[in-house]
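Peer 1: From the sequence below, what's the structure:
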Amino acid sequence: MHVNDWLFYMITVPADRAVPTLPEGYTCETWCPAPLRFVPNGLPFFPFAVWWLFHMLHIFANRGYAVFIIRYGGKLIHRSVITPRYFRFPFMTEADLQVGDTWTDPAERGKRLATIALESIIRMHATGECTCWYVVEPHNRASIRVVEKAGFTFVGSGIRMRRLGLGILGRFLLTRRVGPEQTERTATEAW
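Peer 2: Coordinates of the predicted model:
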């Protein structure tokens with residue numbers, strides 16, 4: 001059983017990307033797991049403790065799991081989760097990362113914070129060996145604008161498959177790639 005269509009984007013990280021700056025008063029941090037650091041401050045236990053466990057048990061293909069956080073006055077206003085390849089994203093290679101589970105406080109939207117976060121994540125992983133992926137539903141126009149502004153290329157569409165009837169055990173499958181001549185098209189044009 002599959003759950004609707006999804007759009008797949010990727011960027012091979014260039015080493016010369018400029019570091020974006022946040023508006024005044026905003027701060028950012030990259031939270032990384034440690035043996036006694038299960039969940040970033042201000043975020044719920046689930047699903048972050050599960051991802052911590054995946055990291056600790058080496059279920060992730062590499063050690064890149066992290067959460068990029070933006071705060072204003074100490075209040076968490078944006079998060080982007082960075083996950084390496086695991087059973088949910090079989091189309092990725094072992095060096096790749098996927099940026100997902102992004103959220104911005106509704107009162108803070110429209111300030112380019114999600115774009116700045118995504119560009120910062122890309123810059124942090126500027127090794128030349130890493131491809132960053134971004135998977136989004138076609139109706140999420142705001143997220144599509146963010147990923148395209150950050151320089152990601154639309155590479156195709158796919159589905160989310162459930163396992164044992166559970167979405168949490170499911171995986172994303174890239175089922176339709178666009179050809180090299182079509183990579184400059186945006187997802188909006190393709191749909």
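Peer 1: mind listing the strands for this protein?
Peer 2: With DSSP state E as the criterion, the chain has strands at 2-12, 26-31, 66-72, 75-84, 97-104, 131-136, 153-163, 166-177.
Peer 1: My guess is Gly151 contacts Met10. True?
Peer 2: No. Using C-beta atoms under 8 Å, Gly151 makes no contact with Met10, being 10.5 Å away. (Glycine included, C-beta is placed from N, CA and C.)
Peer 1: So the two - more neighbours on which side?
Peer 2: Set Gly151 next to Met10 and count neighbours by other C-beta atoms under 10 Å: Met10 wins out with 21 against 14.
Peer 1: Report the separation between Phe154 and Arg162.
Peer 2: 25 Å (C-beta to C-beta, to the nearest Å).
Peer 1: Turn the strands of the chain into JSON lines, columns for mean pLDDT and distance to Ala18.
Peer 2: Formatted as JSON lines, the strands of the chain follow (pLDDT from 0 to 100; distance: least, C-beta to C-beta, whole Å):
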{"stretch": "strand 2-12", "mean pLDDT": "82", "distance to Ala18": "15"}
{"stretch": "strand 26-31", "mean pLDDT": "96", "distance to Ala18": "15"}
{"stretch": "strand 66-72", "mean pLDDT": "98", "distance to Ala18": "17"}
{"stretch": "strand 75-84", "mean pLDDT": "97", "distance to Ala18": "18"}
{"stretch": "strand 97-104", "mean pLDDT": "95", "distance to Ala18": "18"}
{"stretch": "strand 131-136", "mean pLDDT": "95", "distance to Ala18": "16"}
{"stretch": "strand 153-163", "mean pLDDT": "91", "distance to Ala18": "19"}
{"stretch": "strand 166-177", "mean pLDDT": "84", "distance to Ala18": "30"}
